[in-house]
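A.B. asks: below is the sequence, then the predicted model.
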Amino acid sequence: IGKNAFRFCRNLISITIPESMTSIGGWALSDCSSLVRITVDSANTVFSSDEYGVLFNKNKTLLIQYPTGNVRTTYSIPDSVTTIGEYTFYGCESLTSITIPDSVTTLGEYSFSECTGLNTITFGEQLSYIGPYSFRSCNNLKTVNYRGTEEEWGQITISGENDILTNATINYNYTGE
């Protein structure tokens with residue numbers, strides 16, 4: 001599947017990635033507002049999906065695409081994930097709360113952009129990089145829960161155009177779920 005292949009496809013409801021698929025170009029499934037499920041054949045050696053229809057690399061260390069049309073309001077990213085890719089949650093308007101585990105170190109650019117319903121995000125303490133525009137137009141984001149200290153938060157590289165994130169209320173040493 002080439003870069004941008006289905007991007008902005010408003011009528012795509014689900015997609016099945018066959019065993020033979022070995023490459024998906026950047027943003028190929030981004031901003032498909034009706035997409036509720038991505039299913040990967042279990043014999044595929046490159047990609048995988050979870051019970052919510054979320055697309056990952058095979059060993060689930062890279063979260064590639066959350067289906068934009070999924071109506072879940074909360075999502076907890078699996079502990080195996082270390083990187084959230086570019087445009088991964090772009091336009092997921094239904095999500096109000098995301099929990100990112102300690103294993104995640106990197107958020108790709110535009111990773112949560114246009115998540116207009118997002119009001120709370122919880123970060124693990126291993127986070128070291130937040131890409132540009134990761135929280136663009138997340139105007140309802142008011143609460144950031146961070147499992148680390150204020151000093152550790154200050155060591156995270158937060159790229160440009162993430163004022164919505166940095167202007168939210170940040171709760172340090174967060175221990176809740």
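C.D. replies: Cool, got the structure.
A.B. asks: strands of this structure, start to end?
C.D. replies: 14-17, 37-40, 47-49, 55-57, 62-65, 74-76, 83-84, 97-99, 106-107, 120-123, 129-130, 143-146, 157-158, 169-171 (DSSP state E).
A.B. asks: out of those, flag the one nearest residue 4.
C.D. replies: Nearest to residue 4, of all the strands of the chain, is strand 62-65, at 12.8 Å by CB to CB. Glycine gets a C-beta too; all of them are placed from N, C-alpha and C.
A.B. asks: direction included, what does the closest one pair against?
C.D. replies: strand 55-57 (antiparallel), strand 83-84 (parallel) (DSSP bridges).
A.B. asks: Throw the strands of the chain into CSV and include mean pLDDT and mean neighbour count, thanks.
C.D. replies: As requested, the strands of the chain are exported to CSV (pLDDT from 0 to 100; neighbours: other CB atoms under 10 Å):
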stretch, mean pLDDT, mean neighbour count
strand 14-17, 96, 16
strand 37-40, 98, 19
strand 47-49, 98, 21
strand 55-57, 98, 21
strand 62-65, 97, 23
strand 74-76, 97, 15
strand 83-84, 98, 22
strand 97-99, 98, 18
strand 106-107, 98, 24
strand 120-123, 98, 22
strand 129-130, 98, 18
strand 143-146, 98, 20
strand 157-158, 98, 14
strand 169-171, 98, 13
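A.B. asks: verify the stated contact: residue 40 with residue 50.
C.D. replies: No. At 9.4 Å, residue 40 does not count as touching residue 50 under the criterion of CB atoms under 8 Å.
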